[in-house]
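Undergrad: predicted model and sequence follow; I will ask about them next.
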Amino acid sequence: MPGGRLTQQERQQIALGLADNLAYAEIARRLDRPTSTITREVMRNGGPHGYRSDLAHRATEHRATRRKPAAPRAPHAPDPSDGRDPESVRGFEEVFTTVFMASGLPKMTARILACLYATDSGSLTAAELAQRLDVSPASVSKAVAFLEAQGLIQRRRDEGRRERYTVDDDIMYESTLASARATAHLRDTARQGVAVLGPDTPAGARLENLARFVDFVSEAITRAANQAREILHSGPGTGADTGTGPGSGSGPAAR
């Protein structure tokens, strides 16, 4: 399997593969590259619908010229790979970061969230985050404040009274419920608009349809989150099944 950076010709082949709606795994197979390499390349250069080989190649060269030698790690700094292959861990965190960014998170908040999820403890101090991500403490402080406000991380104190930022088993559940509540708020606001504009007007009818739609979505999100919550607490390989997935015999498709 070839190593090193992608060549311009390989990037052109990636662009052609995306145009043909090929999966990342198939593009990787044709180029004899790891799937993670292709995923990372595409997601950091515009995504599957915005990828351009020429721009991607120039961006990579620009990053290479700006890259500084890594500073020596402090003697007691935590091992970011937790004993695993460091390059593989960094590659995964980059891909995970781009996925969070695609969902709307700013880059630094996405990097911190990916970093926390990729640690066995699920918990790091601001200093540890700054060191692992090679960024300033101020950047970490701003990003964790945003994540905490969104309910995506929790702030706790350890035995040494240091503040730690944590993702635990229920974080995603609580965040999903918060999203459902925000959707319900949109419903209520739309209904206020119906009252103002009149239910028999085109604008009022449009807002009523919006309210009905988001009402259904909000209830579905809450119901699904409650049904699937146990998955977040199941151990590896337990095969927890909520009976709501494809082929489970429940849900709209089964009725």
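TA: Thanks, I have the structure now. Numbers count the residues shown, from 1 in each chain.
Undergrad: contacts, neighbours, all on C-alpha from now
TA: OK.
Undergrad: for the protein, where's the lowest mean pLDDT among helices and strands?
TA: Within the chain, no helix or strand scores below helix 53-66, which has a mean of 75 by mean pLDDT, DSSP states H and E.
Undergrad: just the pLDDT at the residue lying farthest from the centre of the chain, thanks.
TA: Within the chain, residue 200 marks the point farthest from the mean C-alpha position, 41.7 Å out by C-alpha atoms, centre = their mean. Listed pLDDT for residue 200 reads 94.
Undergrad: now residue 123: phi and psi?
TA: Dihedral angles of residue 123 (phi, psi; degrees, to the nearest 10) stand at phi -150, psi 130.
Undergrad: please report the distance of it from residue 93.
TA: Relative to residue 93, residue 123 is positioned 15 Å away (criterion: C-alpha to C-alpha, to the nearest Å).
Undergrad: residue 166 contacts residue 158, correct?
TA: No: using C-alpha atoms under 8 Å, residue 166 makes no contact with residue 158, being 11.0 Å away.
Undergrad: with neighbour numbers in mind, choose between those two.
TA: Neighbour comparison, residue 166 and residue 158: the larger count goes to residue 166, with 21 against 9 (by other C-alpha atoms under 10 Å).
Undergrad: excluding covalently adjacent residues, which one is nearest to that one?
TA: residue 123 (4.3 Å; C-alpha to C-alpha, 6 or more residues apart in numbering).
Undergrad: what about the one you found, how many neighbours?
TA: Residue 123 has 23 nearby residues by other C-alpha under 10 Å.
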